[in-house]
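Engineer: no FASTA, just this:
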């Protein structure tokens, strides 16, 4: 049977089978049904089925010998194990008569009894310990300890004190902390069955600081630590040798699971005053452990000068000092020097103010046919600011953080994904707004995705003009450190995006678990469902449920939706951001047909069939339905190709609005994993992309609009 490791059902009938070895099914752990009826079995061991989880065992029409060897069958029949209680089983007695199995009476044939000297054993690390296990019964059982995986050195010693008791001692030598929580199991076996008893091993040992990391910036600065000890140690912190007190700026958060304590010493916007050595002290009744790390958060703005140091020398007797008056010329010279120094300081201050007032204006106010960002960004930045030689009020008033596009002035915030290590270092950090958990009151659940659950909530103290307002909150369900880093990365990204057609991000709630993101609430949900609810087939099916029709959208309304999406994409392009997955499901609809772009990161509601992976090196899924053919065929991505893909995504969003082809829409969302070596169905969006074709013009679409939509995918990026 060793060759059939996946076997689940076994039937052996009318074969004249007389005996089976006790370990015959050891390699068949998946067996659930065994039929051994109508054979010549006279005895059968319970050890044959010891490792199996049998649902049914058929043993009818086998004439077993009435003996202690089949006592286990009688016990199973009484307990209803493996459906033996529904079978008519018989055995042949010593006088040759046939006897129903449930009437068999065999003396001195029972399950073994077992006892241990300790139920819970507590020792210190390095100590020795002895545990005794006693097995009794008739027939006399075999007794043994199961210690697989035990790290401490152990020895077994067997003692047969009486004819009906079998005792065995287990000796643990130099117990190690690695065995803390280990379960020692003693078993006693005879022909009737098996009994067992367990001993929980607890090892007490002094604390150890497993790791103490340097400060790392997440949502807040974190000194991460891991400490082990049993009993669990108490934790204390020192700053430059002095006890550290928790405050609004510094606090400790950690999680304790068994003997392991893991967490962070958190700093909220630390300054140079928080620089220094931080010592973690872990203490329990068995000892103390400590470890020190240097934390450097900010340079001192005015480092102390060495000229102010005063040296102390041994004083020797000196002759009397004769005081003489200095000439008046020296006093006059000092006055002139002080006056010149003051004049120079005033002049420098005036020059500094003028440079800041007039010099920075020219960054985006250059005249001429082409004006680009000055400085180091001239050659590296893919974004250029053009006014075609026309001076407008908006361009004249444009500040250092704005860019003029056409007749619209858009505030520019540098993209942290492009400039995290570059010239952005001179610009103050944009801090994520923190919202107190007590100010958030959950109302109901809106949905759930890979990121976590989304709730409708009321948020207090968020707006200076309103006591409370409705918001949408996303709760992080995965509390791992990697998930927290992703959470911080998206929070920083969303904080830097501020536009009337980008979903507004209010901030995060990081005091406790779960971590929460707070967004503005868009009452009509995502644009995909909104369009279906207002389409020609809305009366038939919306979200899989029949609903009452809400009225179709007119052409002007659909163009208004498309123009809002385009406005948001223009803003994203000006910020050097590429959405890469612009689709109606990733846009949200508010009151008065207000449409905003959302879902930039880990919280995206992914339709898994719209995403594909190409090759073993592809790091993540990419949307196939709105990629141009070059990108779809190679699964490669560059900044320029991503931008063109965004434009094609906008065209796809417009096409979704202006057509009611539900069959085509289902093809998009039902498409399986893509293989570019095989031909694709001609009716799928991926096939249109790979063959360079376009989706057909909807009935309600102007020719000029189709030209604009197709123009985004022609030529090189």
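Structural biologist: Structure's in. What do you need? Keep in mind it's a predicted model, so treat the numbers as computed, not measured. Numbers count the residues shown, from 1 in each chain.
Engineer: How is the chain partitioned into domains?
Structural biologist: 9-103, 113-202, 208-295, 437-539+553-605 (the TED database).
Engineer: May I see these organised as a markdown table, with mean pLDDT added?
Structural biologist: Formatted as a markdown table, the domains of the chain follow (pLDDT from 0 to 100):
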| stretch | mean pLDDT |
| --- | --- |
| domain 9-103 | 91 |
| domain 113-202 | 88 |
| domain 208-295 | 93 |
| domain 437-539+553-605 | 84 |
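Engineer: longest strand anywhere in this protein?
Structural biologist: In the chain, taking DSSP state E as the definition, the longest strand is strand 194-212.
Engineer: In contact with residue 253, which residues?
Structural biologist: Listed by CB atoms under 8 Å, 6 or more residues apart in numbering, the contact set of residue 253 reads 263-264, 266. Using the backbone N, CA and C atoms, a C-beta is placed for each residue, glycine as well.
Engineer: What are the buried residues along the helix or strand hosting it?
Structural biologist: Taking DSSP states H and E as the definition, residue 253 sits inside strand 250-257. Buried residues in strand 250-257, defined by neighbour count with 16 or more other CB atoms under 10 Å: 250, 252.
Engineer: Strand partners (parallel or antiparallel) of that strand?
Structural biologist: Partners of strand 250-257 in the sheet, by DSSP bridges, are strand 260-267 (antiparallel).
Engineer: which parts of the following helix or strand past the partner strand are buried?
Structural biologist: Next helix or strand after strand 260-267 toward the C-terminus (DSSP H and E): strand 276-284. Under the neighbour-count criterion of 16+ other CB under 10 Å, strand 276-284 has 276, 278-284 buried.
Engineer: Strand 276-284 packs against which elements?
Structural biologist: strand 194-212, strand 221-230, strand 234-239, strand 260-267, strand 287-295 (3 or more CB pairs under 8 Å, 6 or more residues apart in numbering; DSSP states H and E).
Engineer: Residue 49: which of those is closest?
Structural biologist: Across those, residue 49 has its closest neighbour in strand 194-212 (11.7 Å, CB to CB).
Engineer: where do the helices sit along the chain?
Structural biologist: 71-79, 328-354, 377-380, 393-396, 416-419, 481-495, 527-533, 555-574, 629-634, 639-658, 662-670, 685-690, 703-711 (DSSP state H).
Engineer: Now the last one: average pLDDT?
Structural biologist: Translated: helix 703-711. Helix 703-711 shows a mean pLDDT of 52.
Engineer: repeat for the longest one
Structural biologist: Per-residue pLDDT values over helix 328-354 give a mean of 84.
Engineer: What residues of that helix count as buried?
Structural biologist: Under 16+ other CB under 10 Å, helix 328-354 has no buried positions.
Engineer: can you check stretch 208-226 too?
Structural biologist: 208-209, 212, 215, 218-225.
Engineer: Stretch 519-526 now?
Structural biologist: 519-522, 524, 526.
Engineer: same question, stretch 32-50
Structural biologist: Neighbour-count burial for stretch 32-50 flags 34-39, 41-49 (criterion: 16+ other CB under 10 Å).
Engineer: One more: stretch 169-185?
Structural biologist: 170, 172, 175, 177, 179-180, 182, 184.
Engineer: on that earlier part again, what is the orientation angle of the strand holding residue 253 with strand 221-230?
Structural biologist: 40 degrees (axes from the mean of the first three to the mean of the last three CA atoms, to 10 degrees).
Engineer: quick one: strand 250-257 to strand 234-239, angle?
Structural biologist: Using the same axes, to 10 degrees, strand 250-257 lies at 150 degrees relative to strand 234-239.
Engineer: Closest one of the buried residues of strand 276-284 to residue 584?
Structural biologist: residue 278 (50.5 Å).
Engineer: if I pick the closest one, what's in contact with it?
Structural biologist: 223, 237-239, 244, 265, 292-295.
Engineer: how does it look with 6 Å?
Structural biologist: The neighbours of residue 278, taking CB atoms under 6 Å, 6 or more residues apart in numbering as the test, are 239, 293, 295.
Engineer: OK, contacts around residue 274?
Structural biologist: Residues near residue 274 by CB under 6 Å, 6+ apart: residue 297.
Engineer: before we move on, the earlier item: from the buried residues of stretch 519-526, pick the one nearest residue 347.
Structural biologist: residue 520 (49.9 Å).
Engineer: Look up which residues are beta-bridged to that closest one.
Structural biologist: residue 471.
Engineer: So it sits against residue 502, correct?
Structural biologist: No: here residue 520 does not reach residue 502: they are 10.1 Å apart, not a contact under CB atoms under 6 Å.
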